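Q: I'd like to go over a predicted model; first the sequence, then the structure.
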Amino acid sequence: MRVTLSIPPYLRPPRLRASALARFVLALACLLIAAAVAAAAPLPPIVIVPGAPGTELVDSKTGQRVWPSAWLMAYPMDGNDRLALPLDDPEDTSIVAGKLLREIRVGRLRFPIRVYDELEQRLQAVGYREGDWKAPSGAGEYFYFPYDWRQSVETSGRRLSRDLAGLYGRMPPDTPPAVVLGHSLGGLVARYALMYGDAPLGKEGPLPPVTWAGGAQIGTLLLVATPNEGTFTALKCLEKGNFYFWRHGAFSPATLFTFRAMFDMLPDRVEPLIDRNGKALPFRLDDPDDWERLGWSVLDRRRNSPALHAARRAHLERELARHARLRDALAQIAATPNPAALYVVGSLSQTVQRTALVLSQGGRTRIRFDSPSGSRQDLTPLLFEPGDTMVPDRSLTAEDSVHDPASSLCFRSVRHSTRSHQALLSSPEILAALDDVIAPAPEAGALKVAGAAAPAAVCATPAAALPVSASALPSSAAAHKPHQ
């Protein structure tokens, strides 16, 4: 007799198809592998290179902070003249870089600098903490690189290269290349370190070849508001100075004239100066003779003694020649592809000085940077162009340069924000760019490096950049309104 046993449904094993079981096993294996990789891979260091003037300056003899100083800034015209560099040897100075500029002090009052807040909050939210250059842990740390923003891009770039090499010498050997974020002038400093490391350019003769000496430490470079092709703002500051109110505050033309970094930010292509009718004038601001003809900056014979004028003229000639050599060096194409991935963040919603107006009154030449009232035509569209108040967009995106995979201008993406120059550091666009290179691992707080090296075939020119949202573009009114 056949006996049939009946098993209750709740005791029966679930039926799994073979294909479903295979997918389940594969998914479980992928999760285990991802968890193992996330646990094993150290987080890449992040190095932030601020722009000018993002670092305190201190007197190395006394330890006293000399910039920013509310007392010196209260002097009329040039209380900061002690920051002027020697014309014959700009690096022969006792004033050196201090800490990152975090606050302005006026008596007992403290006014915090907030430009890094959102950036630091994002980094801390994904597991980063601020590190110590002298005692790094080797994982999950971000570092600021304070430097003397008066000195040349070459000087600061070589020092960044040395400091990065020293940092990696103190970290575990499996530490991945760093993500370097260069803001404004800091982007040029980082490009130099990536291309040449600690190698000098020399004063004459053939340029040294691009070796990507910094590629061992720099895996990703984010250029934020960087004047890759210079900015007319530098020429404006050399002519007018940079004051906060009533000709009190920051720096006079005479002091800025001694800063090598000012000349490093001169535009590669200077737009023609114009007359009151908008007609281009035959002056070239890459020619020392035209500086004298215009009396640009401190090159005015009527205001200088013969000896001082001769010294300033010689300094100008040296600096214009040095700037041209740096420009050519940063534009060089290497024999091998750029090993770092480059991302760009800037702004189109503001305006930047494009050129200046030259007027003749009573036999004297006057320079204006705005359209004079009562003129027959609005010269604003000729005097200004889209940018972030300090750097034009065409310079940020290197409109006139070669975007070769073996150059330092091969961009993976170009993002535009509605924020202005300083605020770009914590803009949603820079945070999104960081997400492109550092993404959260699934179901883990760890981070994963996305693409440490740029493939040779990947190179986005500005025309192939990421689409610009309508909100990032200047309105017709804003496009013609100069930023004061």
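A: That came through fine.
Q: for residue 104, list the residues it contacts.
A: By Cβ atoms under 8 Å, 6 or more residues apart in numbering, residue 104 lies in contact with 68, 70, 110, 111, 113. In short, each C-beta sits where N, CA and C put it, glycine included.
Q: gap between it and residue 144?
A: Residue 104 sits 17 Å away from residue 144, going by Cβ to Cβ, to the nearest Å.
Q: what's the longest helix out of those in the chain packed up against?
A: Ranked by number of residues, the top helix in the chain under DSSP state H is helix 306-330. Packing partners of helix 306-330 (3 or more Cβ pairs under 8 Å, 6 or more residues apart in numbering; DSSP states H and E): helix 185-196, helix 260-264, helix 288-294.
Q: residues in contact with the shortest one: which ones?
A: Which is helix 260-264. The set of residues external to helix 260-264 that reach it, using Cβ under 8 Å, 6+ apart, is 52, 85, 90, 149-153, 155-156, 185, 188, 234, 237-238, 256, 319-320, 322-323, 326.
Q: got it, and stretch 367-376?
A: With Cβ under 8 Å, 6+ apart as the criterion, stretch 367-376 contacts 236, 239-240, 276-277, 294, 296, 353, 356-359, 378-380, 383, 482.
Q: please repeat the previous calculation with a cut-off of 6 Å.
A: With Cβ atoms under 6 Å, 6 or more residues apart in numbering as the test, stretch 367-376 has contacts from 236, 239, 276, 353, 356, 357, 378, 379, 380, 482.
Q: and the two most separated of those?
A: The largest separation in the contacts of stretch 367-376, counting by Cβ to Cβ, is between 239 and 378 at 22.4 Å.
Q: those two: who's more crowded?
A: Using other Cβ atoms under 10 Å as the criterion, residue 239 and residue 378 rank with residue 239 on top: 19 against 11.
Q: which pLDDT does the model give residue 476?
A: We note a pLDDT of 35 for residue 476 in this prediction.
Q: ok, residue 454 next?
A: We have a pLDDT of 33 for residue 454.
Q: what of residue 458?
A: For residue 458, the predicted pLDDT is 38.
Q: before we move on, what about residue 413?
A: For residue 413, the predicted pLDDT is 89.
Q: cool, and residue 372?
A: pLDDT at residue 372 comes out at 77.
Q: so where is this protein shaky, pLDDT-wise?
A: 1-42, 71-80, 107, 243-249, 374-376, 439-484 (pLDDT under 70).
Q: tell me which stretches of it form helices.
A: Under DSSP H, the chain gives helices at 18-40, 70-73, 117-125, 153-169, 185-196, 232-240, 253-256, 260-264, 288-294, 306-330, 380-383, 393-396, 428-437, 476-479.
Q: between those helices, which one is nearest to residue 203?
A: helix 306-330 (7.6 Å).
Q: quick check: buried residues in that closest one?
A: 309, 312-313, 315-316, 318-320, 322-323, 325-327, 329-330 (16 or more other Cβ atoms under 10 Å).
Q: likewise stretch 329-336?
A: Result for stretch 329-336 [16+ other Cβ under 10 Å]: buried residues 329, 330, 331, 332, 334.
Q: re earlier: of all the contacts of residue 104, which two lie farthest apart?
A: Taking Cβ to Cβ, no two of the contacts of residue 104 sit farther apart than 70 and 113, at 14.4 Å.
Q: what's the closest non-adjacent residue to residue 311?
A: Of all residues not flanking residue 311 in the chain, residue 87 sits nearest, at 5.7 Å (Cβ to Cβ, 6 or more residues apart in numbering).
Q: what's the burial count for that neighbour?
A: If we define neighbours as other Cβ under 10 Å, then residue 87 has 16 of them.
Q: so it sits right up against residue 313, yeah?
A: No - Residue 87 lies out of contact with residue 313 (Cβ atoms under 6 Å); the separation is 10.5 Å.
Q: okay, the helices of the chain in CSV with distance to residue 272 next?
A: Converted to CSV, the helices of the chain look like this (distance: least, Cβ to Cβ, whole Å):
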stretch, distance to residue 272
helix 18-40, 56
helix 70-73, 35
helix 117-125, 39
helix 153-169, 26
helix 185-196, 25
helix 232-240, 11
helix 253-256, 22
helix 260-264, 20
helix 288-294, 11
helix 306-330, 18
helix 380-383, 9
helix 393-396, 16
helix 428-437, 33
helix 476-479, 21
